[in-house]
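**Student:** Show me the folded form of this:
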Amino acid sequence: MSRLTATLIFLLSVVLIEPLAAQGFSGLARVDPSVSRVVDTDNGARVEIGLSQGVPFRLFTLPEPDRLVMDFREVDWSGLDRAGFDQAKSVSTVRFGAFRPGWSRMVIDLDKPMLVSLADMRTDAETGAAHLVVRLKDVERSAFDAAPLPTDQAIWGLPREPQQQRQDNAQMTVLIDPGHGGIDPGAEREGENEKNLMLLFAFDLREALLRVDGVNVVLTREDDRFVSLERRVAIAHQVGADLFLSLHADNLSEGRAHGAVLYTLSDEASDEASALMAERHDRADLLAGVDLSRSDDVVADVLLDLARMETKPRTEALARTLAGSLEKAGVPLNRHPNRAAAFSVLKAADIPSILLEIGFLSSDRDLNNLIDPLWRRKAAAGIRDGIQAWMIADDAARGLVRQ
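**Tutor:** Residues are numbered from 1 along each chain as shown. I've put the predicted structure just below:
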């Protein structure tokens, strides 16, 4: 075995390995499940990950909840089973998937405070296969909370610009936001997951909207990658969106929820279920290993400048119109289809913004609908008709205001 890199982490917190061109790094690495595991040790835990080749990586810890975050450039996680990988009582949950363009992430939730004492990746001189060992050591709560956070964002490079499909006579830009993605699968049931179903539905909706004269369509993601809530809102402003529609299909453990629900932004939720759902949606960034400790001031500063008084009635009119058009298209609605809650993804308050639960994976009927391409196209057509009707009414109302 030849040593690729072995780094004792300074202050037991952050590792950043530079690009490995000299070692023959050639892009996507495949995980080897047979030698990948996390296990308990006498004074902590040990993480082992086998890869088809060495790749640049970094790792760090975050509190609330306590978790170890490991970024790789870039890993195909196919074949790695969560249950088989997680063999440690000191670990509660493991997630892995795409995170940024060209980067993959694994997040390990810790049941007790532990910091990294060693990260050692070695490669086989003949096969090029790599083996990463990360040792975690038990520490006091104060030491874990005091560990510095990564600040060098240069590792990510510049974000890829969202793809726009323009028409020459475009008058309106609709931003479609397929929920979740990458390391964050969203709801899961019977081999299906929310991130994939919502991306498929977003494609169907884009195709339907592109048939409307004067409409641009932008997607916050076009493949299986993680996009933070803050970035989704930023994209809306970046492309000058006139309407923001975030697509979801949750899975409620309490059951009985079914049918489409349209959420608008409100500091006070319209009901307890909506409040819980907003909390669960917003927690996705946190669980994906994003540090949210510095985001509140940014959001607050933006909100101070937003035209809430003008946008709120327009958004509520959009929600009512969409509910009516979905019902007319034969899409099942929830008993209370129009609700409100404090979803962070809706906080571009100068843009009419809706979070649409097109159905619930916990409902057999909704799940069967969502995996049916014909049903998805029917639902997309209903949304298209609703947006078109709202555009006409909104333009007329704004014309009266200008007079």
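**Student:** mind checking which helix or strand residue 327 is in?
**Tutor:** Following DSSP states H and E, one finds residue 327 within helix 308-328.
**Student:** Tell me which other helices or strands that helix touches.
**Tutor:** strand 260-265, strand 333-341, strand 353-357, helix 373-402 (3 or more CB pairs under 8 Å, 6 or more residues apart in numbering; DSSP states H and E). Any C-beta I mention is one placed from the backbone N, CA and C, and that applies to glycine too.
**Student:** Including distance to residue 318 and mean pLDDT, could the ones you listed go into CSV?
**Tutor:** Conversion of those to CSV gives the following (distance: least, CB to CB, whole Å; pLDDT from 0 to 100):
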stretch, distance to residue 318, mean pLDDT
strand 260-265, 8, 93
strand 333-341, 10, 91
strand 353-357, 6, 95
helix 373-402, 5, 87
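**Student:** Would you mind putting the ones you listed into a markdown table with distance to residue 317 and mean neighbour count alongside?
**Tutor:** As requested, the helices and strands packed on helix 308-328 are exported to a markdown table (distance: least, CB to CB, whole Å; neighbours: other CB atoms under 10 Å):
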| stretch | distance to residue 317 | mean neighbour count |
| --- | --- | --- |
| strand 260-265 | 10 | 25 |
| strand 333-341 | 11 | 18 |
| strand 353-357 | 11 | 26 |
| helix 373-402 | 7 | 16 |
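**Student:** For residue 103, find the nearest of those.
**Tutor:** Residue 103 sits nearest to strand 353-357 of all the helices and strands packed on helix 308-328, at 27.0 Å, using CB to CB.
**Student:** and that closest one, what other elements does it pack with?
**Tutor:** Against strand 353-357 (3+ CB pairs under 8 Å, 6+ apart) you get strand 243-248, strand 260-265, helix 308-328.
**Student:** now what about it, what contacts it?
**Tutor:** Residues from elsewhere that reach strand 353-357, judged by CB atoms under 8 Å, 6 or more residues apart in numbering: 236, 243-250, 260-265, 277, 281, 315, 318-319, 322, 334, 343, 345-347, 383.
**Student:** Tell me which of the helices and strands packed on helix 308-328 sits nearest to residue 43.
**Tutor:** Closest approach to residue 43 among the helices and strands packed on helix 308-328 (CB to CB): strand 333-341, 43.5 Å.
**Student:** which strands and helices sit next to that closest one?
**Tutor:** strand 260-265, helix 272-287, helix 308-328.
**Student:** mean pLDDT lowest for which of the ones you listed?
**Tutor:** Lowest mean pLDDT of the helices and strands packed on strand 333-341: helix 272-287, a mean of 70.
**Student:** which ones are touching residue 189?
**Tutor:** Going by CB under 8 Å, 6+ apart, residue 189 touches 251, 361-362, 367.
**Student:** Also residue 261?
**Tutor:** Counted by CB under 8 Å, 6+ apart, residue 261 has contacts 333-334, 336-339, 356-357.
**Student:** chain center to the helix or strand hosting residue 230, what's the gap?
**Tutor:** Residue 230 belongs to helix 229-238 when elements are defined using DSSP H and E. Averaging C-alpha positions (CA atoms, centre = their mean, to the nearest Å) puts helix 229-238 12 Å from its chain's average.
**Student:** For it, list every residue counted as buried.
**Tutor:** Residues of helix 229-238 classed as buried: 229-236 (neighbour count, 16 or more other CB atoms under 10 Å).
**Student:** Please name every helix or strand in contact with it.
**Tutor:** Against helix 229-238 (3+ CB pairs under 8 Å, 6+ apart) you get strand 172-178, helix 272-287, helix 295-304.
**Student:** Widest-spaced pair of the contacts of residue 261?
**Tutor:** Farthest pair in these, by CB to CB: 336 and 356, 14.3 Å.
**Student:** Out of the helices and strands in this protein, which is least certain?
**Tutor:** Within the chain, no helix or strand scores below strand 2-7, which has a mean of 36 by mean pLDDT, DSSP states H and E.
**Student:** related to what we said a few turns ago, need the residues that contact the helix holding residue 327.
**Tutor:** Residues contacting helix 308-328 (CB under 8 Å, 6+ apart): 243, 260, 262-265, 333, 337-338, 349-354, 356, 379, 382-383, 385-387, 389-390, 393-394, 397.
**Student:** next one: that helix to chain centre, how far?
**Tutor:** Computed by CA atoms, centre = their mean, the separation of helix 308-328 from the middle of its chain amounts to 25 Å.
**Student:** Can I get it as CSV, trimmed to CA atoms?
**Tutor:** Below are the C-alpha coordinates for helix 308-328, written out as CSV (Å, rounded to 0.1, in the frame of the first residue of the first chain):
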residue,chain,number,x,y,z
ARG,A,308,-45.0,41.9,1.3
MET,A,309,-48.1,44.1,1.2
GLU,A,310,-48.3,43.9,-2.6
THR,A,311,-47.2,40.3,-3.0
LYS,A,312,-49.4,38.6,-0.4
PRO,A,313,-52.8,39.1,-2.0
ARG,A,314,-51.3,38.1,-5.4
THR,A,315,-49.9,34.9,-3.9
GLU,A,316,-53.2,34.0,-2.2
ALA,A,317,-55.0,34.6,-5.5
LEU,A,318,-52.5,32.3,-7.2
ALA,A,319,-53.0,29.6,-4.6
ARG,A,320,-56.8,29.7,-5.0
THR,A,321,-56.6,29.7,-8.8
LEU,A,322,-54.2,26.7,-8.8
ALA,A,323,-56.5,24.8,-6.4
GLY,A,324,-59.4,25.4,-8.7
SER,A,325,-57.6,24.4,-11.9
LEU,A,326,-56.2,21.2,-10.3
GLU,A,327,-59.6,20.2,-9.2
LYS,A,328,-61.0,20.9,-12.7
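**Student:** Just the buried positions in the longest strand along the chain, please.
**Tutor:** Among the segments of the chain that qualify as a strand by DSSP state E, the longest is strand 29-41. Residues of strand 29-41 classed as buried: 29-33, 36-38 (neighbour count, 16+ other CB under 10 Å).
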